[in-house]
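In: Just the structure for this:
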Amino acid sequence: MTVFGIREGTPAGDIVSYIQRKGSATVKELEDALAVSTTAVREQLTHLTNQGLITPSKIRQGPGRPSYRYTLTAKAQSLFPKGYDVLLNVLLEEILATEGPEGMAQLLSRVGTRLATLYTGDHPANVALRERLMQFVYTMNRKGMSINVAESPGGGWVVSEYACPYFEVAQTHDSLCSMERQMMETALGHEVEIQRRMVEGHNGCHFVIKADEIGIEKHN
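Out: So this is what the prediction gives:
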């Protein structure tokens with residue numbers, strides 16, 4: 001597995017794994033544990049610090065070169081498997097069993113509305129759709145979602161997502177796709193249609209906002 005350019009079994013990967021297990025580590029501790037030189041350890045620590053994956057804390061000591069203890073940042077913790085897909089799948093199954101399909105659809109619709117507010121905030125009513133779209137794409141890309149928007153030849157826009165955060169679970173519960181659509185509708189203030197989905201074998205999820213549905217002037 002490679003995340004942020006860090007591959008398991010590499011010096012950087014070994015350092016991250018060691019600090020994860022121990023909670024923190026000094027250069028000397030990493031040298032002894034990984035059987036590598038001081039120079040090699042410091043080089044990797046500098047690289048990891050620049051990536052925002054570890055952070056140094058100065059150790060109190062006497063005269064001489066300062067010593068540091070390194071810990072993982074929240075960004076680094078996100079690299080490790082969390083099993084959220086298993087938890088989400090079980091939760092959805094329980095909701096379906098107790099509330100039924102209609103109840104689950106209503107619940108996920110409310111969740112989609114709340115996610116829109118959390119992700120993009122509240123827009124003034126007079127903000128143009130194009131501006132909302134650009135802000136939406138910018139915000140979601142900042143969150144690592146890999147989204148882009150393109151004008152449709154017939155007018156309107158196509159919003160494409162290439163990194164589905166619910167991919168594993170959505171293969172069983174496609175109601176999550178409707179939740180994503182609801183989130184987008186709330187964020188943009190306009191009706192959105194699902195055109196293609198990753199769970200159906202496409203390279204991304206494509207959402208369409210039609211020109212004739214929102215009064216957008218079509219380009220000739």
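
In: how much space between the residue nearest to Gln182 when sequence neighbours are not counted and Val159?
Out: Leaving out its chain neighbours, the residue that sits closest to Gln182 by C-beta to C-beta, 6 or more residues apart in numbering is Gly112, at 3.2 Å. For the C-beta atoms, the positions are set from N, CA and C on the backbone; glycine is no exception. The span separating Gly112 from Val159 equals 15 Å under the rule C-beta to C-beta, to the nearest Å.

In: Which residues are in contact with the residue positioned nearest the centre of the chain?
Out: With the centre of the chain defined as its mean C-alpha position, the nearest residue by C-alpha atoms, centre = their mean is Gly144, 4.5 Å away. Neighbour list for Gly144: Ala163 [criterion: C-beta atoms under 8 Å, 6 or more residues apart in numbering].

In: tell me the SS of it?
Out: Three-state call for Gly144 (DSSP: H, G, I helix; E, B strand; the rest coil): coil.

In: Got the confidence number for it?
Out: Model confidence at Gly144, expressed as pLDDT, equals 76.

In: what's it sitting at in phi/psi?
Out: Gly144 has phi and psi values of phi 80, psi 20 when expressed as degrees, to the nearest 10.

In: how far does the lengthiest helix in the chain sit from the chain's center?
Out: Once the chain is assigned using DSSP state H, the helix that runs over the most residues is helix 84-120. Averaged C-alpha coordinates place helix 84-120 at 18 Å from its chain's average position (C-alpha atoms, centre = their mean, to the nearest Å).
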